[in-house]
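Undergrad: Whatever this is, show me its structure:
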Amino acid sequence: MKTVRVCFFWHMHQPYYTDPLERSASMPWVRLHAIEAYYDMAFLLEKFPNVRATFNFTPSLLLQLQEVSSGSVRDLFWDQAQRPADDLSPTERAFIVRHFFAANWATMVRPYPRYHELLVKRGTEVKGQDLDRLARAFSTQDLLDLQVWHNLAWFGYGCLAKYPRIATLRGKGRGFTEEDKQEVLALQLQAVGEIIPRYRGLAETGQIELTTSPFYHPILPLLIDTDFARRARPEASLPPRFQAPADAEAQIQRAVALHRETFGAPPTGLWPSEGSVCLEMIPMVQRAGLRWMASDEGILARSLGQWHRDTDLYRSYRVGPAGDELSMVFRDRELSDAIGFVYSKTPAEEGAEDLIRRVRDIARQVPDEEVLVPIILDGENPWEYYHDGGQRFLSEAYRALSDPGRAGEGFRLITDTLSQALQAVPSTARLEHLHSGSWINQDFKIWIGHAEDNRGWELVRDTRARLVEVTGSLTQEQAHGAWEALYAAEGSDWFWWYGDDFETDYKAEFDRLFRTHLRNVFLHAGLPAPDFLDEPVAGMAGIPEAAPVRKPVNLLSPTIDGRVSDFFEWRGAGTIDPLPPLGAMWTARNFFTQIAFGFSLQALFLRLDAGEELRSGAADIAAELHVQTGISTYKLMFSLAHSEGATSTLWVGSSGGFTEIGQYGTVCRREILELAVPFKDLGLEAGQPFRLSLVITQDHLEVARYPHQTPLSLTVPDDNFESAMWRV
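TA: Residues are numbered from 1 along each chain as shown. The predicted structure follows:
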């Protein structure tokens, strides 16, 4: 009798949002997907013990699940939710009103009347200039209810069944208390802590198989050699060639090590990031002890050249050089995409019945006696589009696949893990050629070829080259931290959002995270981070100005005494808006209420009006005024503490680091902070351009930068400066 083995393969992934140096994460998606999809998928399988499935956890996700459950890392959204609504600053209120509707509105907001009411009050489109006004319209109770609903709505059916209190709070609907909110947040952490043990338990019973991906989800073929992109697209415009096969192997080896440590056994299967493969990676995968990997049917079609879907797709293949062969399977794209994109729009029973019908059709059409049907897709994002989180559809599908009577005449229908299926039906066919490409269009266009993608690869290349130069002089701890940061920057997710293929409200934040990981390479190594990491890679067209700037219109001559001694002494100065930009995801710390700058013909001036955090006496906060000329980079370092006899220290950068030039007594903080530095000591003369940025540090780590995205471009004034400004 013909046997049809349906192999569900659920891929769970999140990019590494954590900044290990600050022990914080800017985005909440690990925590929120955890209490929905990750929890639900394990919970549901426990209800169907005869169903077998394969789950893929990327190491970057596993690491973050451990960080969240241990409490060693908190995300920015958590911090904003935990804050008592009555204590929220205007900036925090604006953040919550802007970001706490980040969910699928149709399935996670509109079903809850109070949550929907708050969305209507805010409006479905928010412009930067309206945000403060909208936030002021929200009462303290509105904000508290919004804090609760943003976290309450994400709980999936598994948590709902385990914790009846969630249903009680949803029934309450409005008028939540701070105690209610803390209870919701505590339930989240409890649920996150159950996820890894739950999947490990299912694996130990043999009901599921757990597999891995390269550690930080890089596109392995491009790590090995970016020129491999031309194999699928010969016309592609690529960055200068980058080759790091050692990094590709490290990403695989480290993935296997974390998987073994987390689940108690090594994985046998690999889902290469985005199904991206090339022949050169096969020996690396073999050396890591992995025995099989998977990709998309389009890769199989391109590898075979001429193919017949019914006869070629539903089997496994041996691939790779003799002695280093692996087994490979290829996803049924139609079935996988139907679950991901189609069945959420149909009644659950109809979707499940259509899935079974398609499997029956495959069984009838494929001539082999053993039929392998790999259904491989994202295991987290699709369920946001199902009105019940996919519970009814998956239940109906699992129930049908568990019922021998639903199979059909002449064949039996079973579910299996991929390793079990490959053991039962070993590969007999061989692929003599493996196409280099991903599951998307069988190429790498998403991650390389656009100017933004290519710039990202240049930054990785340049950063890695510098790290290779200095690794021998680093301590073991420094080297480990620096290489870890580089591996994180090699992840595919940053490049996914570069270019014009996809858009997100958080594109600027993904860009910032990418450059943060690269900057951390230098910080771990004890080196000054290069200026090019301050420049956004993503084009900011269509995104509100990150830090509105007004340039000076008058020459200044302030008295550097830390006092507002004369209204006119700063009149006509330039200003930088200290508030964070709309859509920025880093912590909005209230260091300043005003940043002003300007110059005379001889000197550069800065004025800082302290915000709440500085007025409260926060410790170890200092500042660096960075000045980039056409020849050198300078930084003027000074404390932000109250002091009348303070000094600032000027440093100049070189290839070997920074060298001290001298100290200045022209800095004072009383009511305000004022400072001056001569242009001649910066190597600047009238008419010369320079760039300016202010960096705030705490415990020697950067915590804020003004302007937020790009340094301010200025020109040293000459005798005609004021008359030119008047004409303009």
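Undergrad: so what's residue 305 up against?
TA: The neighbours of residue 305, taking C-beta atoms under 8 Å, 6 or more residues apart in numbering as the test, are residue 433. No exception for glycine: its C-beta is placed from N, CA and C like everyone else's.
Undergrad: Swap in 6 Å and give it another go.
TA: Residues near residue 305 by C-beta atoms under 6 Å, 6 or more residues apart in numbering: none.
Undergrad: give me the number of residues near residue 280?
TA: 17 (other C-beta atoms under 10 Å).
Undergrad: isn't it right up against residue 223?
TA: No: in this structure residue 280 lies outside contact range of residue 223 using C-beta atoms under 6 Å: 10.5 Å.
Undergrad: Give me the below-cutoff pLDDT ranges for the stretch 551-700 of the chain.
TA: When residues are selected by pLDDT under 70, those of the stretch 551-700 of the chain lie in 567, 579-589, 618-619, 643-644, 655-656, 699-700.
Undergrad: can you pull out the strands in it?
TA: In order along the chain, the stretch 551-700 of the chain carries the following strands (DSSP state E, counting those that start in this stretch): 574-576, 592-599, 603-610, 621-628, 633-639, 648-654, 657-664, 667-669, 673-678, 689-698.
Undergrad: could you dump those to a markdown table with mean neighbour count?
TA: Converted to a markdown table, the strands of the stretch 551-700 of the chain look like this (neighbours: other C-beta atoms under 10 Å):
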| stretch | mean neighbour count |
| --- | --- |
| strand 574-576 | 20 |
| strand 592-599 | 22 |
| strand 603-610 | 22 |
| strand 621-628 | 20 |
| strand 633-639 | 20 |
| strand 648-654 | 17 |
| strand 657-664 | 12 |
| strand 667-669 | 22 |
| strand 673-678 | 22 |
| strand 689-698 | 18 |
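Undergrad: wait, which of those is closest to residue 472?
TA: Among the strands of the stretch 551-700 of the chain, the nearest to residue 472 by C-beta to C-beta is strand 657-664 (17.0 Å).
Undergrad: any idea of the angle that closest one forms with strand 673-678?
TA: Inter-element angle recorded for strand 657-664 and strand 673-678: 110 degrees (by axes from the mean of the first three to the mean of the last three C-alpha atoms, to 10 degrees).
Undergrad: residues near residue 42, how many?
TA: By other C-beta under 10 Å, 22 other residues sit near residue 42.
Undergrad: Go ahead and confirm it touches residue 198.
TA: Yes: proximity of residue 42 to residue 198 meets the contact threshold set by C-beta under 6 Å, at 4.5 Å.
Undergrad: Check the gap between the residue of the chain positioned farthest from its centre and residue 687 for me.
TA: Here the centre of the chain is the reference, and by C-alpha atoms, centre = their mean the most remote residue is residue 719, at 48.9 Å. Applying C-beta to C-beta, to the nearest Å, one obtains 10 Å for the distance of residue 719 from residue 687.
Undergrad: what does residue 511 give?
TA: Counting by C-beta to C-beta, the gap from residue 511 to residue 687 is 33 Å.
Undergrad: got the buried residues for stretch 179-198?
TA: By neighbour count, and taking 16 or more other C-beta atoms under 10 Å as the criterion, the buried residues in stretch 179-198 are 180-181, 183-185, 187-189, 191-196, 198.
Undergrad: farthest pair in these?
TA: With distances taken as C-beta to C-beta, the most widely separated pair in the buried residues of stretch 179-198 is 180 and 196, at 27.8 Å.
Undergrad: thinking again about what came up before, and which of the buried residues of stretch 179-198 is nearest to residue 62?
TA: Top of the list for closeness to residue 62, among these and by C-beta to C-beta, is residue 196 at 7.1 Å.
Undergrad: Please report phi then psi for that closest one.
TA: Backbone torsions for residue 196, taken as degrees, to the nearest 10, come to phi -60, psi -50.
Undergrad: ok, now residue 294?
TA: Backbone phi and psi, for residue 294 under degrees, to the nearest 10, turn out to be phi -130, psi 160.
Undergrad: contacting residues for the residue lying closest to residue 634 once chain neighbours are set aside?
TA: Distances taken as C-beta to C-beta, 6 or more residues apart in numbering put residue 627 closest to residue 634, at 4.5 Å, once the chain neighbours are dropped. Applying C-beta under 6 Å, 6+ apart to residue 627 gives the contacts 634, 682, 690, 692.
Undergrad: okay if I get these as a markdown table plus distance to residue 558?
TA: Compiled in a markdown table, these are given as follows (distance: C-beta to C-beta, whole Å):
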| residue | distance to residue 558 |
| --- | --- |
| 634 | 21 |
| 682 | 18 |
| 690 | 20 |
| 692 | 17 |
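Undergrad: what's the burial count for the nearest residue to residue 575 once chain neighbours are set aside?
TA: When the adjacent residues along the chain are set aside, residue 575 lies closest to residue 550, with 4.8 Å between them (C-beta to C-beta, 6+ apart). Under the neighbour criterion other C-beta under 10 Å, residue 550 is assigned a count of 12.
Undergrad: pLDDT value on the closest residue to residue 498 other than its chain neighbours, please?
TA: In this structure, residue 498 finds its nearest non-sequential neighbour in residue 452, 3.8 Å apart by C-beta to C-beta, 6+ apart. Turning to residue 452, the model gives it a pLDDT of 95.
Undergrad: any idea how far residue 539 is from residue 452?
TA: Noted for residue 452: a distance of 7 Å to residue 539, by C-beta to C-beta.
Undergrad: Compare those two (neighbour count), which wins?
TA: Comparing residue 452 with residue 539 by other C-beta under 10 Å, the one with more neighbours is residue 452, at 18 against 15.
Undergrad: if I've got this straight, the more buried one is in a strand?
TA: No: the assignment for residue 452 is helix, going by DSSP: H, G, I helix; E, B strand; the rest coil, so no strand is present there.
Undergrad: and the gap between it and residue 16?
TA: In this view, residue 452 and residue 16 are 20 Å apart by C-beta to C-beta.
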